[in-house]
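In: model this:
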Amino acid sequence: MSPNDTIYALASGRPPAAIAVVRISGPRAHEAATKLAGRLPPPRQASLRTLVDPSSGLPLDEALAIRFDGPGSATGEDVVELHCHGGKAVIDAVLRALGSLEGLRSAEPGEFTRRALANGRIDLTEAEGLADLLAAETEIQRRSAMARATGGLGSRLEIWRERLLALSARAEVAIDYDGEDNASREPDFASELETLADEMSTLLDSPRVEPLRDGIRVVVAGPPNAGKSSLVNALARSERAIVTPIPGTTRDVIEVPLTIGGIPFVLVDTAGLREATDEVESIGVGRAHDEVQRADILLWLGASIDAPEHSDFIQLFSKCDLRVVGSDGEGLAVSSVTGHGLAELMNALIAKASELLPGGDELALDRRQHELLGQAKSALERAIELSDPVLLAEELRVARAAIDQISGRAGVEDLLDALFGRFCLGK
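Out: Next comes the predicted model:
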């Protein structure tokens, strides 16, 4: 895969559709498009063209051709888009014609966006936000991804980087003129470090993006025959988990993605927690204990005295249609049969989830970004305590290097294959 190749792919959805967009990018993009569409229009102007097969001269389709000149294009290279009719035969014919041209090849997943990153059109945080935007299924996911895909995080990182560069320059001056004008020992220098560290702390303390991207993990746990699987089915409104009166029916972890109030959740049904009677059930019980530890929210259907320790759990009094609800604080009464308490339970889940999720337009970090920004903040906190300008300059360099890794300026090649593998062929 060479950056000098000219690549092409279908950039719109699967056929059939009203319109299909075929994108071409690279040094031969204009030449290739000219062979199919004839003379191209001026940059950024759409013009109707008859597409022909270069090898046979036979017409393929009537399409709009739009030309973009690098470096001012989406990828930073010469780009042409052919807006064709969206039938499968039309698309196949156009792609086949492009594939017959010398120097052209089909794009890899995410290769257009990868070239945009390599050519400085976007930074890594925008590419990661774009990947989440393409995968967004709820409105809150879309809004959060847009905040990152449009450069919100990248802009903040760039501001921090410029301030770090300015502080580093002052520290370097102090190394050269130590004893005469040591700026690194001035009160305002330490104050600027503290301010910068505090700004990073604010973002670090905000909710992370993983629960929003992957869904709030809600683990349903309790003893056998407590109604866990029935509750999962009732909340999902489908028979996703097997329900029988036999204790220990559920022996594996069952995950059910769903959306409640526009918030993504993953319901997790688990084996009943008890002393296992056979090897298979023992494995299921062990997995159930592991899931309790992983849970963002725990729904506990057993006695409150037996509830595992968890920072966010909801005590439930299940099967309330079969049992008398006592006054001993057994929790929210629910019935999977009658639906009693399910609306209240869903409202409780939404309320707890809102504390775990970033606001729709609020910047949020993923695990990689959070770890690197934490390294930058730690370097600044160490720098605050230093008086030696050489050591101070080194800590500022460490902070800058971490910021550069977040934005993709350096040290991220091993991440790119995994990231762009999440993209479709035409993106």
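
In: Output the below-cut-off pLDDT ranges for the stretch 151-300 of the chain.
Out: Low-confidence segments of the stretch 151-300 of the chain, defined by pLDDT under 70, are located at 176-187, 238-252, 274-284.

In: Quick one: the strands in it, in order.
Out: Remark: strands assigned in the stretch 151-300 of the chain by DSSP state E, counting those that start in this stretch are 216-221, 254-260, 263-269, 297-300.

In: What of the stretch 1-150 of the chain?
Out: Using DSSP E, counting those that start in this stretch, strands in the stretch 1-150 of the chain cover 6-10, 17-25, 47-52, 59-68, 79-86, 104-106.

In: what's the closest of those strands to A343?
Out: strand 17-25 (39.3 Å; CB to CB). For every residue, glycine as well, the C-beta is placed using N, CA and C.

In: list the buried ones in the closest one?
Out: Of the residues in strand 17-25, 20-25 count as buried by neighbour count, 16 or more other CB atoms under 10 Å.

In: Between strand 6-10 and it, find me the angle.
Out: For strand 17-25 against strand 6-10, the angle by axes from the mean of the first three to the mean of the last three CA atoms, to 10 degrees is 170 degrees.

In: What helices and strands are in contact with strand 17-25?
Out: Under the contact definition 3 or more CB pairs under 8 Å, 6 or more residues apart in numbering; DSSP states H and E, strand 17-25 sits against strand 6-10, strand 79-86, helix 88-99, helix 111-118.

In: Tell me which strands the shortest one pairs with, and in which orientation.
Out: Taking DSSP bridges as the criterion, strand 6-10 pairs within the sheet with strand 17-25 (antiparallel), strand 104-106 (parallel).

In: For the closest residue to L167 other than its chain neighbours, give me its contacts.
Out: In this structure, L167 finds its nearest non-sequential neighbour in L396, 5.7 Å apart by CB to CB, 6 or more residues apart in numbering. L396 makes contacts with 164, 167-168, 171, 379-380, 383, as judged by CB atoms under 8 Å, 6 or more residues apart in numbering.

In: if you set the cut-off to 7 Å instead, what comes out?
Out: Counting by CB atoms under 7 Å, 6 or more residues apart in numbering, L396 makes contact with 164, 167-168, 171, 383.

In: Could you identify the longest helix within this structure?
Out: In the chain, assigned by DSSP state H, the helix with the most residues is helix 152-176.

In: List the buried residues for that one?
Out: Those would be 152-154, 156-157, 160-161, 164, 167-168, 170-174, for helix 152-176 by 16+ other CB under 10 Å.

In: One more: stretch 144-154?
Out: 144-149, 151-154.

In: Let's have those residues in TSV, adding distance to C84.
Out: Formatted as TSV, the buried residues of stretch 144-154 follow (distance: CB to CB, whole Å):
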residue	distance to C84
S144	34
A145	29
M146	29
A147	33
R148	32
A149	27
G151	31
G152	35
L153	36
G154	34
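
In: of all the residues you listed, which comes closest to R115?
Out: A149 (16.7 Å).

In: So what's the residue count around A135?
Out: 12 (other CB atoms under 10 Å).

In: now it: how far from E128?
Out: As judged by CB to CB, to the nearest Å, A135 and E128 stand 11 Å apart.

In: Just put the strands of the stretch 151-300 of the chain in CSV and tack on mean neighbour count and distance to N119.
Out: Supplementary listing: the strands of the stretch 151-300 of the chain in CSV, determined by neighbours: other CB atoms under 10 Å; distance: least, CB to CB, whole Å:
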stretch, mean neighbour count, distance to N119
strand 216-221, 25, 37
strand 254-260, 16, 36
strand 263-269, 22, 34
strand 297-300, 24, 43
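
In: Flag every buried residue along stretch 116-124.
Out: 116-117, 119, 121-124.

In: swap that for stretch 359-370, sorry
Out: So for stretch 359-370, counting by 16+ other CB under 10 Å, buried means 360, 363-366, 369-370.

In: can you dump the C-alpha coordinates of it into PDB?
Out: Taking Å, rounded to 0.1, in the frame of the first residue of the first chain, the C-alpha atoms of stretch 359-370 are listed here in PDB:
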ATOM      1  CA  GLY A 359     -22.800  15.500  27.600                       C
ATOM      2  CA  GLY A 360     -23.800  15.300  23.900                       C
ATOM      3  CA  ASP A 361     -21.600  18.300  22.900                       C
ATOM      4  CA  GLU A 362     -19.000  17.800  25.600                       C
ATOM      5  CA  LEU A 363     -15.500  16.700  24.700                       C
ATOM      6  CA  ALA A 364     -14.700  13.100  25.900                       C
ATOM      7  CA  LEU A 365     -11.500  11.100  25.900                       C
ATOM      8  CA  ASP A 366     -11.100   7.500  25.000                       C
ATOM      9  CA  ARG A 367      -8.800   5.200  26.900                       C
ATOM     10  CA  ARG A 368      -5.700   5.900  24.800                       C
ATOM     11  CA  GLN A 369      -6.200   9.700  24.900                       C
ATOM     12  CA  HIS A 370      -6.900   9.600  28.700                       C
END
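
In: what mean pLDDT does it have?
Out: Stretch 359-370 carries an average pLDDT of 82.

In: So for A147, what pLDDT did the model give?
Out: For A147, pLDDT reads 84.

In: which residues does the nearest residue to E381 once chain neighbours are set aside contact?
Out: Excluding the flanking residues, the one nearest E381 by CB to CB, 6+ apart is A197, at 5.7 Å. By CB under 7 Å, 6+ apart, A197 lies in contact with 377, 380-381.

In: Now, those residues that are in strands?
Out: Within the contacts of A197, no residue falls in strands by DSSP state E.

In: Any chance of TSV for those residues, columns neighbour count and distance to L345?
Out: As requested, the contacts of A197 are exported to TSV (neighbours: other CB atoms under 10 Å; distance: CB to CB, whole Å):
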residue	neighbour count	distance to L345
K377	20	38
L380	26	44
E381	16	43
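
In: excluding its backbone neighbours, what's nearest the residue nearest the centre of the chain?
Out: Centroid check for the chain by CA atoms, centre = their mean gives D132 as the closest residue, at 4.0 Å. Excluding its sequence neighbours, the residue lying closest to D132 (CB to CB, 6+ apart) is A145, at 3.9 Å.

In: and E139, what pLDDT?
Out: At E139, the model reports a pLDDT of 83.
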